[in-house]
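# quick one: sequence and predicted model below, then my questions.
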Amino acid sequence: MTTHSSTAEVSKEPERSEDRQGIDEIHILWISEGMSCDGDTVSLTAADQPSIEDLVLGLIPGLPKVNLVNKVLSPSLGGEDFLAPYRAAVRGELGPFILVIEGSIPNQNIIEGDGYWTSFGNDPETGEPQTLNWWIDQLAPKAWAVVAAGTCATFGGIHAMAGNPTGCMGLADYLGWDYTSQAGLPIVNVPGCPIQPENFMETLIWVLYHAAGSAPPPPLDHMLRPQWLFGKTVHEGCDRGSYYEQANFATDYNSPKCLVKTGCWGPVVNCNVPKRGWMGGIGGCPNVGGICIGCTMPGFPDAFMPFMDEPPGSTLSSLVIKPYGAVVRRLRGMTNELVNHEPRWRHNKRKLTSGYDPRWRP
Amino acid sequence: MTTTEARPTDRKSPELVDMSWDPITRIIGNLGIYTKIDFANREVVECHSTSSLFRGYSVFMKGKDPRDAGFITSRICGICGDNHTTCSDYAQQMAYGVKPPPLADYIVNLGEAAEYMFDHTIFQDNLVFVDFCEAMVKATNPSVLARAERTEAPRGDIHGYRTIADIMKAFNPFEGEVYKEALKVSRITREMFCLMEGRHVHPSTLYPGGVGTMPQPSVFTDYLSRLMKVIDFVKKAVAMNDDVFDFFYEALPGYEEVGRRRVLLGCWGAFQDPKTVDYRYETMNSWGKDMYVTPGIIVDGELVTNNLVDINLGLRIMLGSSYYEDWVNESPFVTHDPLGNPVDMRHPWNQTTVPVPQKRNFDDKYSWVMSPRWFDQRTGDHLALDTGGGPLARLWSTALSGLVDTPYVKSTGHSVRISLPKGESLPETTLEWRIPQWSNTIERDRARPYFIAYAAAMALQFLEEAMGMVRAGETKVFENYEVPDEAIGCGFHEAVRGVLSHHLVIKDKKIANYHPYPPTPWNASPRDMYGTPGPYEDAVQGQPIFEENGPDDFKGVDIMRTVRSFDPCLPCGVHMYVGKGKTLTTLHSPTYGANHG
């Protein structure tokens, strides 16, 4: 079984790079005032291949000069000083810029009166809080590209769970799935709760190479995710996957075997984390003992809860694999036993039995 | 009542200016600080803190499977999500009556130690220290920078910088040597974290009942080798911080008043002792005191209590300036705790969160944060405790209780001694953090690197214990359980920036009520129903201004230093308010590198 069918291409014909004009300098306006925990920004600082300081200091060859504006990393003291580039972009005086949105987008329309669910700075005229929605409405039409960082911004995530009071949603639900930026790009979705640091960095850098005129747009699937990162399932990269094939299932979390029966959704979740590790190849989810709860997926979290129960779909498939797995496991056990012995000619007796023949010819 | 007493001064006629910083940078989440500053007398007259974000965890968790609580509540915070998962698991273990195998407790302790080392390092060196770096001091106090250039660093033999200004240069953002090294160290410590808890920031291998981490010897070896790689950086960080902070007191007499408030500190304890903890409410006072960071409430230098049951029963969630409807007239979820003590209607076990979005009004309601307070039975006061940014309260409480006695960390009753082994370039070192004279901005910041050392030292002990168990073949890490039909539980832990509690009520095997209380609502709370300001408001209000710039090019660095000293983290909730004074002039936020990210 494969899930490749769910990753149909959106951008089928990459532009030829020589047809396009390169951009020398670009701003990254990052807003994390969605319903978020800022975990995507924090995760970004874990990337080391390359690192955020490499990007900001211009140590990656071939990229435009990057001016990163991010609240967590900003050396400014805050307030209007920090907001200046955002205000300039709203006035159309700063460009080109990549708009990065972190966090899910609340529904302001369900509020009666002057309240707000989340804001980003104040209106300079009135002193009233300026909502995240206002900023997105202003900036999205002017952005050279729009990137959604993390599952909250891509698909709504935890904060858009059933029963949430804010009516929040992902960016594509807010702007429309057919939105295109000034550069003609759809929203680039990098899901993950939070983003896997290197997945995000790599995607951002691909977008920047595209800006420099040296690369086609990043190839995205029908949920606007980078294909090379989200084209395979957790299971396909998991080092416990072979236990599944041998019908060897963990019954609790003390076991190194396949975790499907204890709640792992790896077989059907698009994510590369077990293969790539969490950072610098270290950590992950089922490969290191954590069930996959589907945190990169549009249906997260509701579709995967309760997390610690066996996914309903795996009851049948794990039953089907049982007879095959039992036979394969036994056969492999026998062969394994066989190859776990040294050949007979390795000894220190007074006779050479290795088959050595000084004049051997074929 | 909780406000720090006013300083006597020769008052000039006030020259009031409204100033605001919204959003505050170099923090996680949405925080705005609104002040009135009297430039004639160079002090902050009023301060309000506000948070403009509502997400609703305690709302959307209702009706969910309680076992999911740790996975969901991790997402409250993008920097200390694991502290939430851990705390949630503590609360669930109490409700389910399950005790994880000791090795699982050690693995959780090791993960949390790595988290403290990571988070405090990136916050101190990459976020807080930007306010003390050469570029910032040049823009705000040029005469102080000139003096720093002439002042030899007393601990230069440890950290290798000749003058105080050299240290400040090393902290310049993105370019300074220490700034860059700190980012690297924060990656190594995060790798240590991932070895124990799978992923940072939302861990994958923590469960109620234990962990899924495979306790192979190599997991511990990989952790130890990374720990030893950063151990000298930790020693140098303490020396550099001490040099810079001592210099500030010296260069700016009176700087101790910046961010000073009455000593009102809370710590809920961290690092369980796997040999004694059973997670039962009935025995909570005893295993709570066995924690390797001792819980405690400290008022005016006196330890009021270190009993977790007392701490629990004294919690009160107040409204007053927050955008919520009151719940006091609803029926309580929990009338008595498992020991038979009555539980107040304003206790988190009984809270109902009903959001009411509305216009911000600093004379009435102005924040999405509520006002947690601790009810002091001795006086009848509702105390606006703060966490001192985490480390200050943790070290203070541990020092006063005198209960921690381990090979690497010892509490003396007035100080905490921390021993770190020999590293690549520095010898074995014993550091001593002594209870300071003040609870102020500089001491909050100074405590942070000491607590990094504390976490590193405790990690060494946890490693030895865990490896001993693995070598003896005791490798069980998870214990099974049944979710009961009805139960209550509470978890007490320390998020990086301070006190963290989770309160859980289960009915029909589902979550009937769940209220997490992270440190930021404590620190960033608005004025409560009695008008008592929250700690940020209290610490900023009345503080002197040392910045050399006048109102026109004022940056507010002293105010920002105070706010950041608490390690603000708004996803878990903050706010502040500006009073009803007459506005003479209204300026918006200050400028510093306006085009700079």
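Arrived safely.

# what backbone torsions are found at the closest residue to residue B:208 other than its chain neighbours?
Once flanking residues are discounted, residue B:208 sits nearest to residue B:92: 3.8 Å by CB to CB, 6 or more residues apart in numbering or on different chains. Glycine gets a C-beta too; all of them are placed from N, C-alpha and C. Note on residue B:92: backbone dihedrals following degrees, to the nearest 10 are phi -70, psi -40.

# and residue B:92, how many neighbours?
27 (other CB atoms under 10 Å in any protein chain shown).

# contacts only, for it.
B:66-67, B:69-70, B:208, B:489, B:491, B:504 (CB atoms under 8 Å, 6 or more residues apart in numbering or on different chains).

# restricted to helices, list the residues you listed.
B:69-70 (DSSP state H).

# in JSON lines, list the contacts of residue B:92 along with neighbour count.
Formatted as JSON lines, the contacts of residue B:92 follow (neighbours: other CB atoms under 10 Å in any protein chain shown):
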{"residue": "B:66", "neighbour count": "26"}
{"residue": "B:67", "neighbour count": "24"}
{"residue": "B:69", "neighbour count": "29"}
{"residue": "B:70", "neighbour count": "28"}
{"residue": "B:208", "neighbour count": "28"}
{"residue": "B:489", "neighbour count": "26"}
{"residue": "B:491", "neighbour count": "26"}
{"residue": "B:504", "neighbour count": "25"}
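
# for the contacts of residue B:92, name the two members farthest from one another.
Greatest spatial distance among the contacts of residue B:92 (CB to CB): B:67 and B:491, at 14.1 Å.

# quick one: residues contacting the residue nearest to residue B:335 when sequence neighbours are not counted.
Distances taken as CB to CB, 6+ apart place residue B:343 nearest to residue B:335, at 6.2 Å, with adjacent residues excluded. Residue B:343 makes contact with B:313, B:332, B:334-337, B:349-350, according to CB under 8 Å, 6+ apart.

# tally of neighbours for residue 316?
Unless you meant another one, I'm taking chain A. Residue A:316 has 9 neighbours, counted by other CB under 10 Å.

# sorry, should have said chain B
18.

# wait, it touches residue B:345, no?
No: between residue B:316 and residue B:345 there is no contact under CB atoms under 8 Å: 9.3 Å.

# remind me which residues of the chain are low pLDDT?
Because you didn't say which chain, this covers chain A. Applying pLDDT under 70 to chain A flags the ranges A:1-20.

# you answered for a different chain; I wanted chain B.
B:1-9, B:570-597.

# longest helix of it?
With secondary structure taken from DSSP H, chain B has its longest helix at helix B:217-251.

# contact partners for the residue in the stretch 101-250 of chain A that chain B sits nearest to?
Nearest residue of the stretch 101-250 of chain A to chain B (CB to the nearest CB) works out as residue A:115 at 2.6 Å. Shown in contact with residue A:115 (CB under 8 Å, 6+ apart): B:323, B:356-359.

# doesn't it fall inside a helix?
No: counting by DSSP: H, G, I helix; E, B strand; the rest coil, residue A:115 is not part of a helix but coil.

# distance of it from residue B:50?
Counting by CB to CB, to the nearest Å, the gap from residue A:115 to residue B:50 is 13 Å.

# and if you look at residue B:449?
Taking CB to CB, one finds residue B:449 at 30 Å from residue B:50.

# for the two, indicate the residue with more neighbours.
residue B:50 (30 against 26).

# output the longest helix belonging to chain A.
Longest helix in chain A, counting by DSSP H: helix A:312-339.

# which parts of that helix are buried?
For helix A:312-339, burial by neighbour count (16 or more other CB atoms under 10 Å in any protein chain shown) applies to A:314, A:318, A:321, A:325, A:328.

# pull up the residues of the stretch 101-250 of chain A that are close to chain B.
Counting by CB under 8 Å from any CB of the partner chain, the stretch 101-250 of chain A comes close to chain B at A:111, A:113-122, A:124, A:128-129, A:157-159, A:161-166, A:193-194.

# can we see that at 6 Å?
Residues of the stretch 101-250 of chain A that fall close to chain B, judged by CB under 6 Å from any CB of the partner chain: A:111, A:114-115, A:117-119, A:122, A:129, A:158-159, A:161, A:163-165.

# check these and tell me the two furthest apart.
Longest span within these, CB to CB: A:122 and A:163, 31.0 Å.

# so which of the contacts of residue A:115 is the most crowded?
Of the contacts of residue A:115, with other CB under 10 Å as the count, residue B:323 tops at 24 neighbours.

# residues in contact with the residue nearest to residue A:37 when sequence neighbours are not counted?
Excluding the flanking residues, the one nearest residue A:37 by CB to CB, 6+ apart is residue B:78, at 3.6 Å. Counting by CB atoms under 6 Å, 6 or more residues apart in numbering or on different chains, residue B:78 makes contact with A:37-39, A:42, B:28, B:201.

# and the residue nearest to residue A:173 when sequence neighbours are not counted, how many residues sit next to it?
Spatial nearest neighbour of residue A:173, excluding adjacent residues (CB to CB, 6+ apart): residue A:156 at 6.9 Å. Other residues near residue A:156 come to 27 when the count uses other CB under 10 Å.
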